[in-house]
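Participant: Whatever this is, show me its structure:
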Amino acid sequence: MLVVALGLGFWALGWVMGVPVARRMAVLAGLWAAALLAHLVLPEGNGLRVAIGGDARVWGVLGGIGALVAGYGLGLRKLRARARPLATAPAETGPFRPVELDRYARHILLREIGGPGQLRLKSAKVLVVGAGGLGSPALLYLAAAGVGTIGVIDDDTVEGSNLQRQIIHTDDRIGLPKVQSAAMAMTALNPFVTVRPYQRRLDEGSAELIAEYDLVLDGTDNFDTRYLVNRLCAKAGKPLVSAAITQWEGQISVYDPARGGPCYECVFPERPLPGMVPTCAEAGVAAPLPGVIGSMMAMEAVKHLTGAGEGLRGRLMIFDALYAEARVIGVKKRPDCPVCGSGV
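Facilitator: Predicted coordinates for the structure are as follows:
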């Protein structure tokens, strides 16, 4: 009882004075050690030993129990200390904000994309050449999918005749540069992506611009630009998703000679004669057709960037909207291609 009374007294005094628990436990351990030592050193019948009570075995068992309790408490505190930073760490320290996780949840649920694929999209840089019929849906879906940096290059302005199919633009933005109009639409759709508008025409001096991006999408409507984009991408070793539409038909492929596929000029070595392939302005185009093909361009981009599925490298898809038919044909790299052949 003497030792118990002393222990309770010291514990209460330490609590009143604000002494840390560890130090109060040390005092109790000291009292226990003194009691055990008294039983081991002092002879039987000694007044102090009688006052302490018990024997050495009892005090040894009590010490063991006390050590187990103290060890359990210490271990528990250490576990809580390790868990506390995880429980209180702000979500912003991860690659995605909570609002982004909610936005991309349907992507992350896909086995072929998941969190790692969505992170690759966020880290990717994609350049879209042309903000017209094909560029409109491609740009919107790239932004919606969470592609981190999206460049768009076009020197044209929005006209009323564009609005029948170029869904990224609106009536109140007629007269604005298309790249500015597109940037407004993309940032309104997804404020977590970076949009880089380039209000100029792609030319021979654009090689440095191409080199900044991981992937290029070409949705232009003239052969000069198509062949130029192909040359620049092949030289820079960048994959190219290229598509074209007219009236009711569209076509799309992924040209990637750096990874064994053909380039655009492998498949179309000669330009058509003037007038043989009329533009949309000359021959017309069904309004939803560029939405279909442009969305396919964005789909090929997402697959390429995440590694999901099988892309259109080495294959050309032709879609006939009038009769709802689609066919895919194989295309090969030409050894004598002046752009990517072995003789280059």
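
Participant: Need the phi and psi values for the residue nearest to residue 119 when sequence neighbours are not counted.
Facilitator: Nearest residue to residue 119 in three dimensions, chain neighbours excluded: residue 95, at 5.5 Å (C-beta to C-beta, 6 or more residues apart in numbering). Every C-beta, even on glycine, is put in place using the N, C-alpha and C of the backbone. Main-chain dihedrals, residue 95, degrees, to the nearest 10: phi -70, psi -20.

Participant: what's around residue 95, how many residues?
Facilitator: Counted with other C-beta atoms under 10 Å, the neighbours of residue 95 add up to 12.

Participant: Would you mark the buried spots in stretch 327-339?
Facilitator: With burial defined by 16 or more other C-beta atoms under 10 Å, the residues of stretch 327-339 counted as buried are 331, 333, 334, 337, 339.

Participant: again, but for stretch 209-219
Facilitator: Across stretch 209-219, burial judged by 16+ other C-beta under 10 Å covers 209, 210, 213, 214, 215, 216, 217, 218, 219.

Participant: So the protein: which segments form each domain?
Facilitator: Using automatic domain parsing, the domains assigned to the chain come out as 2-89, 124-330.

Participant: which stretch in those has the least confidence?
Facilitator: Among the domains of the chain, domain 2-89 has the lowest mean pLDDT, at a mean of 60.

Participant: which parts of stretch 233-241 are buried?
Facilitator: For stretch 233-241, a neighbour-count test (16+ other C-beta under 10 Å) marks 233, 234, 235, 236, 238, 239, 240, 241 as buried.

Participant: Output the contacting helices and strands for the one helix or strand the first one maps to.
Facilitator: So that's residue 233. Of the helices and strands defined by DSSP states H and E, residue 233 is found in helix 223-236. For helix 223-236, the packing partners by 3 or more C-beta pairs under 8 Å, 6 or more residues apart in numbering; DSSP states H and E come out as helix 207-211, strand 215-218, strand 240-246, strand 249-255, helix 264-267.

Participant: if we go to 10 Å?
Facilitator: For helix 223-236, the packing partners by 3 or more C-beta pairs under 10 Å, 6 or more residues apart in numbering; DSSP states H and E come out as strand 125-129, helix 207-211, strand 215-218, strand 240-246, strand 249-255, helix 264-267.

Participant: Can you dump the C-alpha atoms of stretch 274-293 in PDB for me?
Facilitator: Taking Å, rounded to 0.1, in the frame of the first residue of the first chain, the C-alpha atoms of stretch 274-293 are listed here in PDB:
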ATOM      1  CA  PRO A 274      -6.700  20.400-109.000                       C
ATOM      2  CA  GLY A 275     -10.500  20.100-109.000                       C
ATOM      3  CA  MET A 276     -10.500  16.300-108.500                       C
ATOM      4  CA  VAL A 277     -11.200  16.400-104.800                       C
ATOM      5  CA  PRO A 278     -13.400  19.400-104.100                       C
ATOM      6  CA  THR A 279     -13.400  21.100-100.700                       C
ATOM      7  CA  CYS A 280     -16.300  21.200 -98.300                       C
ATOM      8  CA  ALA A 281     -17.000  24.700 -99.500                       C
ATOM      9  CA  GLU A 282     -17.200  23.500-103.100                       C
ATOM     10  CA  ALA A 283     -19.000  20.100-102.600                       C
ATOM     11  CA  GLY A 284     -20.800  20.500 -99.300                       C
ATOM     12  CA  VAL A 285     -20.700  18.300 -96.200                       C
ATOM     13  CA  ALA A 286     -23.300  16.800 -93.900                       C
ATOM     14  CA  ALA A 287     -23.300  18.600 -90.600                       C
ATOM     15  CA  PRO A 288     -22.700  15.700 -88.200                       C
ATOM     16  CA  LEU A 289     -20.000  14.000 -90.300                       C
ATOM     17  CA  PRO A 290     -17.100  16.100 -89.000                       C
ATOM     18  CA  GLY A 291     -18.400  15.400 -85.500                       C
ATOM     19  CA  VAL A 292     -18.200  11.700 -86.200                       C
ATOM     20  CA  ILE A 293     -14.700  11.700 -87.700                       C
END
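
Participant: and for it, what are the contacting residues?
Facilitator: Residues outside stretch 274-293 that contact it (C-beta atoms under 10 Å, 6 or more residues apart in numbering): 132-138, 140-141, 161, 163-167, 219, 221-223, 243-252, 271, 297, 317, 319, 321-322, 326.

Participant: Go through the buried residues of stretch 209-219 and name the one nearest residue 101.
Facilitator: Closest approach to residue 101 among the buried residues of stretch 209-219 (C-beta to C-beta): residue 214, at 23.3 Å.
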